[in-house]
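> Quick one, fold the following:
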Amino acid sequence: MSISDRRLAPYAETVAASRGRLVPEPISRTRTAFARDRDRIIHCTAFRRLKEKTQVFVAHEGDHYRTRLTHSLEVAQIARSLAHALKLDVDLAETVALAHDLGHPPFGHAGEDELQACMAGFGGFDHNVQTFRVVTKLEERYPAFKGLNLSWETVEGVIKHNGPIAHRLDEPAWAPIRDYHQAWDVQPGGFASLEAQAAAIADDIAYNNHDVDDGVQAGLLSLAELETVPLIGPQLLATRRDWPDLDDRMVRLEAVRRMIGVMVEDVLAETEARLTADGIETVGDIRAARRMLVAFSADMQADLAVLRKHLFERMYRHYRVNRTRSQARRILSEMFALFMAEPDVMPPEWSGKAQGSGLGGDEAKKARAVCDYIAGMTDRYAIEEHKRLFSLDLALDL
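As a prediction, the model looks like this:
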């Protein structure tokens, strides 16, 4: 029996019960609606740009470190595995996972922090909201509509994969979602589907594991120090016990593989326990639930807290990473200020939006156009654009 033919759990999302698309379209003969959403995400420009957007290390720093693209692919793989084990719709889980970082600006969280500072007086910036804007507005690929015209369940998963959002709709940065909700109810006070929750926790599993892997490869972490850290430590010791002659590279890879397995099994056990304890039987029960249902156990959360603290102190705030973060913030800050003062130095498609928005003194709309341009940049493009704008030698050779 193929995955598409197997019987789903009664609380799984189904294509047959989908609320459809904001702009109605003919049904595809070759794909389900959720698979079609996935394919639209894979083919969109924002997805391709993830190949040169920072996860931890700037994309040009090494060929083997994760980028936002490879991170998203790893999240999608784990989300599919979780969805399959829980008898959910694997296409929907994968789709939300692939889409979840489309709104991230260049240079990772340093870039997001800087755009938040730049946009503080102009409506704010949030990468989750930017992802929503990418799939509903900024991608222009189809003559009949802006955005990707995704299924309601996919859009809901993009917006709510981390939980209900009703408490955030009054925040300036969340105004686009508030406006969208008024046109197409996304049930902001309820939880998203289990498929979306699977994508959210797959993100946690992926980044905690690959950050350990990348940190060791970069020389910011050592296997010896990690042997005393929860989650990864026991896997390192077990791997050395099972394979005493294994070299450090293979020990690292095997330990990380095992850690992923441990975290996945913990999520499955905890989720199944919560579904039973909370009496979940239908999709409606999930949206009305009192807590996230796809979750880590309390013991796993405690171990993760220690691991994350170690990564924060030894890796995310390492002086080499701090230097890159400082450079990244200066690049974005200087470009934002220049584009606000002189929008005509942006490419025509963006300068037109910024200058048109600025007529009548609407600085917030101009700032949003500038922000959208910068947020869409890859690391490499941002670095090169900054050089073109601020290096006299390059400026004379445009």
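> In this protein, which residue is most central in space?
What sits nearest the mean C-alpha location of the chain, by Cα atoms, centre = their mean, is Asp101, with 2.6 Å.
> residues in contact with that one?
For Asp101, the contacting residues are 50, 53, 68, 71-72, 127, 131, by Cβ atoms under 8 Å, 6 or more residues apart in numbering. Glycine gets a C-beta too; all of them are placed from N, C-alpha and C.
> repeat that with 6 Å
68, 72 (Cβ atoms under 6 Å, 6 or more residues apart in numbering).
> Is it part of a helix or strand, or is it coil?
Here Asp101 is recorded as coil under DSSP: H, G, I helix; E, B strand; the rest coil.
> Now it, what are its backbone angles?
Dihedral pair for Asp101: phi -110, psi 10, per degrees, to the nearest 10.
> gap between it and Glu384?
Separation of Asp101 from Glu384 (Cβ to Cβ, to the nearest Å) stands at 22 Å.
> ditto for Val158
Distance, Val158 to Glu384, by Cβ to Cβ: 30 Å.
> of the two, who's got more company?
Ranked by neighbour count (other Cβ atoms under 10 Å), Val158 and Glu384 place Val158 first, with 29 against 13.
> isn't that one right next to Leu102, touching?
No: Val158 lies out of contact with Leu102 (Cβ atoms under 6 Å); the separation is 8.3 Å.
> Common neighbours of those two, please.
With Cβ under 6 Å, 6+ apart as the test, Val158 and Leu102 both reach Thr131.
> Which elements pack onto the helix of greatest length in the chain?
Longest helix in the chain by number of residues (criterion: DSSP state H): helix 248-277. On a contact count with 3 or more Cβ pairs under 6 Å, 6 or more residues apart in numbering; DSSP states H and E, helix 248-277 meets helix 194-217, helix 232-242.
> how about a cut-off of 8 Å?
helix 68-85, helix 194-217, helix 223-226, helix 232-242, helix 298-311 (3 or more Cβ pairs under 8 Å, 6 or more residues apart in numbering; DSSP states H and E).
> deepest of those, which one?
Looking across these with neighbours counted as mean count of other Cβ atoms under 10 Å, the highest average goes to helix 194-217: a mean of 24.
> tilt between it and helix 232-242?
On the basis of axes from the mean of the first three to the mean of the last three Cα atoms, to 10 degrees, helix 194-217 is oriented at 70 degrees to helix 232-242.
> Which strands or helices does helix 194-217 pack on?
Looks like helix 194-217 contacts helix 68-85, helix 90-99, helix 152-160, helix 223-226, helix 248-277, helix 298-311 (3+ Cβ pairs under 8 Å, 6+ apart).
> Make TSV out of those and add mean pLDDT and distance to Arg36.
Shown next, in TSV, are the helices and strands packed on helix 194-217 (pLDDT from 0 to 100; distance: least, Cβ to Cβ, whole Å):
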stretch	mean pLDDT	distance to Arg36
helix 68-85	96	16
helix 90-99	98	9
helix 152-160	97	10
helix 223-226	96	42
helix 248-277	97	27
helix 298-311	97	35
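> Would you format the ones you listed as JSON lines with distance to Ala46 included?
Output for the helices and strands packed on helix 194-217, formatted as JSON lines (distance: least, Cβ to Cβ, whole Å):
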{"stretch": "helix 68-85", "distance to Ala46": "10"}
{"stretch": "helix 90-99", "distance to Ala46": "9"}
{"stretch": "helix 152-160", "distance to Ala46": "12"}
{"stretch": "helix 223-226", "distance to Ala46": "35"}
{"stretch": "helix 248-277", "distance to Ala46": "27"}
{"stretch": "helix 298-311", "distance to Ala46": "27"}
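> Glu171: which of these is closest?
Shortest distance between Glu171 and the helices and strands packed on helix 194-217, using Cβ to Cβ, is found for helix 152-160: 13.4 Å.
> contacts for the following helix or strand past that closest one?
Later in the chain than helix 152-160, the nearest helix or strand by DSSP states H and E is helix 175-183. Outside of helix 175-183, the residues within contact range by Cβ under 8 Å, 6+ apart are 22, 123, 129, 132-133, 136-137, 159, 165, 169-170, 186, 188.
> you'd agree Asp89 is up against Ala16?
No: counting by Cβ atoms under 8 Å, Asp89 does not reach Ala16; the two are 10.7 Å apart.
> neighbour count winner among these two?
Asp89 (27 against 7).
> Glu281 should be in a helix, yeah?
No: counting by three-state DSSP, Glu281 is not found in a helix; it is coil.
> can you count the residues close to it?
12.
> how far away is it from Ala288?
Counting by Cβ to Cβ, the gap from Glu281 to Ala288 is 11 Å.
> Check Ala375 too.
34 Å.
> neighbour count winner among these two?
Set Ala375 next to Ala288 and count neighbours by other Cβ under 10 Å: Ala375 wins out with 23 against 13.
> Test my guess that the more buried one contacts Phe125.
Yes: look at Ala375 against Phe125 with Cβ under 8 Å: they come within range, at 7.5 Å.
> Common neighbours of the two, please.
Any residue near both Ala375 and Phe125 by Cβ under 8 Å, 6+ apart counts here, and that gives Leu115.
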